[in-house]
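S.K.: Have a look at this prediction, sequence included:
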Amino acid sequence: MAKSSIKVRAKVKKGEAKVKCLISHPMETGLRKNKKTGKLIPAHFIQEVVCEYNGKTVMNAQWNGTISKNPFLSFAFTGAKSGDKIKISWVDNTGKSDSTEAEMK
Amino acid sequence: MNHNRRVLLKGTFAAGATGIAISAGLLTPKAVLAAWPKAAFEAKDINSALEASLGSSITTESSDVKLKAPDIAENGAVVPITVTSKIPNTEAISIVVAKNAMPLAATFNLGATTKGFVSTRIKMGKTSDVTAIVKAGGKLYSTSKNVKVTIGGCGG
């Protein structure tokens, strides 16, 4: 299996989970020009990131090319247990996707 | 051939938002819950972006919405933004950059147990106001902050 494009760190403290993730993705806006050819670089960015815990969606982020390259995302939710797993997945505008599962500490 | 294409185009425009939602759903059949609001992210002005994304463009300034962003961002390609909302039942948080070509940067739809907190990094073309918009109980609350950008991060 190829290495996942998503890195996740999640920590639980008093039932509250804080999740941090880093996704490797070029996040092209479609407005940038290739300096050598002068042509526009086609847009290529993550449209949607979904985080699931126990089969329930805790966070659903909708993005466009304004988010920085190799996006970082952090959020928190309550009712979490240490040792449980969360699932993060993304879909980009070309239809590519990736997902990963991580254990919360 | 050509005729069919016309019909398809017309159909797509007539169906409007629903049509876009369905076609987006077809392209990405994976675990996508809410269809990506194309109109919202391609809108060139803030009001229409907000209406397409959150259903309204009327926002109230609120001190319960905290926006953490640098005063001066040296590199416009990476501007860290943290939004914290103390408003109960926060449903969604949006980040808007007024002077970017596409003002709406992101919308985070939060689940029932999710705290009103998100942190991410955005690109900014030039010095602009950054606005955090929180949707709670059908109303929109906002906080703005001016961020100075020394090197733009949106183009070459």
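M.R.: Done, it's in. Predicted, not measured: the structure shown is a model, and the values here were computed from it. Numbers count the residues shown, from 1 in each chain, chains lettered A, B, ... in the order given.

S.K.: Does the host helix or strand of A:Ala10 pack against any helices or strands, and if so which?
M.R.: Secondary structure from DSSP states H and E places A:Ala10 in strand A:6-13. On a contact count with 3 or more CB pairs under 8 Å, 6 or more residues apart in numbering or on different chains; DSSP states H and E, strand A:6-13 meets strand A:16-23, strand A:85-92, strand A:97-103. Just so you know, the C-beta spots here come from the backbone N, C-alpha and C atoms, and that holds for glycine as well.

S.K.: Tell me which strands that strand pairs with, and in which orientation.
M.R.: Neighbouring strands of strand A:6-13 in its sheet, by DSSP bridges, are strand A:16-23 (antiparallel).

S.K.: Extract the C-alpha trace of the partner strand and format it as PDB.
M.R.: Extracted C-alpha coordinates of strand A:16-23, given in PDB (Å, rounded to 0.1, in the frame of the first residue of the first chain):
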ATOM      1  CA  GLU A  16     -12.600  15.800  24.500                       C
ATOM      2  CA  ALA A  17     -10.700  14.900  21.400                       C
ATOM      3  CA  LYS A  18      -8.400  17.300  19.600                       C
ATOM      4  CA  VAL A  19      -7.600  16.200  16.100                       C
ATOM      5  CA  LYS A  20      -4.800  17.600  14.000                       C
ATOM      6  CA  CYS A  21      -4.200  16.500  10.400                       C
ATOM      7  CA  LEU A  22      -1.800  17.200   7.600                       C
ATOM      8  CA  ILE A  23      -2.700  16.300   4.100                       C
END
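
S.K.: Could you check the angle it makes with strand A:97-103?
M.R.: Computed by axes from the mean of the first three to the mean of the last three CA atoms, to 10 degrees, the angle separating strand A:16-23 from strand A:97-103 equals 140 degrees.

S.K.: got a list of contacts for the strand holding A:Ala10?
M.R.: A:17-23, A:80-82, A:84, A:86, A:88, A:90, A:98-100, A:102-105 (CB atoms under 8 Å, 6 or more residues apart in numbering or on different chains).

S.K.: Having no further points to raise, I will conclude here.
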